[in-house]
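In: Coordinates for the following, if possible.
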Amino acid sequence: MAGREDQRRGVIDTSVLAAGIAGFKSSRAVRNPSASLLRDWLENATFTWLVTEDILSEYGEVLERLNVRAAARSVALIRGQARFVPITKHVEDLPDQDDAAFADCAESGDADFLVTLNPKDFPQSRLRSKVIGPDDPLPRRTHSQKPRNRRLPIAKKK
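Out: Numbers count the residues shown, from 1 in each chain. Next up is the predicted model:
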């Protein structure tokens with residue numbers, strides 16, 4: 001697995017992957033923010049990409065459905081470079097339960113961010129990971145291997 005333990009950790013929604021691959025029009029030129037994010041990850045290892053088998057399956061299915069020529073090769077590249085996350089946490093009440101694999105991966109993997117083109121599908125109030133678009137700066141990792149605590153309501157004294 002590429003990356004260091006203190007490196008930023010992120011989950012990439014399928015919408016960003018598909019748009020990014022579509023934005024690779026030549027070996028060097030990129031045509032959209034999703035393609036720039038992917039190119040930066042490929043060339044500079046800017047973050048640790050977190051995945052599960054469910055996420056990789058969705059990537060493959062969607063890229064095949066979109067007739068992406070390099071679908072299998074793209075998923076194999078991600079599989080070889082990403083960090084697999086065991087799911088230990090589940091995010092409830094998402095607007096689209098089909099996105100649960102991504103939210104669960106982000107929460108279970110202590111991701112710093114989740115990149116999507118559909119932020120309404122990932123309400124920030126339900127996630128500790130910052131929900132960002134592909135053109136947003138990657139959040140800094142402010143902790144290392146320490147679980148983040150959710151703020152709990154403080155009980156009022158009687």
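In: can you pull out the helices in this protein?
Out: Taking DSSP state H to define them, one finds helices in the chain at 14-22, 33-44, 53-65, 71-81, 100-108.
In: Mean pLDDT, mean neighbour count and distance to Gln124 for these - can I get that in TSV?
Out: Backbone N, C-alpha and C define where each C-beta goes, glycine included. Output for those, formatted as TSV (pLDDT from 0 to 100; neighbours: other CB atoms under 10 Å; distance: least, CB to CB, whole Å):
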stretch	mean pLDDT	mean neighbour count	distance to Gln124
helix 14-22	94	21	17
helix 33-44	93	18	19
helix 53-65	97	16	20
helix 71-81	96	15	25
helix 100-108	97	23	11
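In: now those as TSV including distance to Arg141?
Out: What follows is those, written out as TSV (distance: least, CB to CB, whole Å):
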stretch	distance to Arg141
helix 14-22	20
helix 33-44	15
helix 53-65	21
helix 71-81	18
helix 100-108	14
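In: Out of these, which gets nearest to Glu92?
Out: In this view, these are compared for proximity to Glu92 by CB to CB, and helix 100-108 is the closest at 8.8 Å.
In: how much space between Val16 and Gly133?
Out: Look at Val16 and Gly133: by CB to CB, to the nearest Å, they are 8 Å apart.
In: Mind listing the shared neighbours of these two?
Out: When CB atoms under 8 Å, 6 or more residues apart in numbering defines a contact, the residues bordering Val16 and Gly133 alike are 115-117.
In: Next, the contact list for Ala70, please.
Out: Under the criterion of CB under 8 Å, 6+ apart, the neighbours of Ala70 are Ile21.
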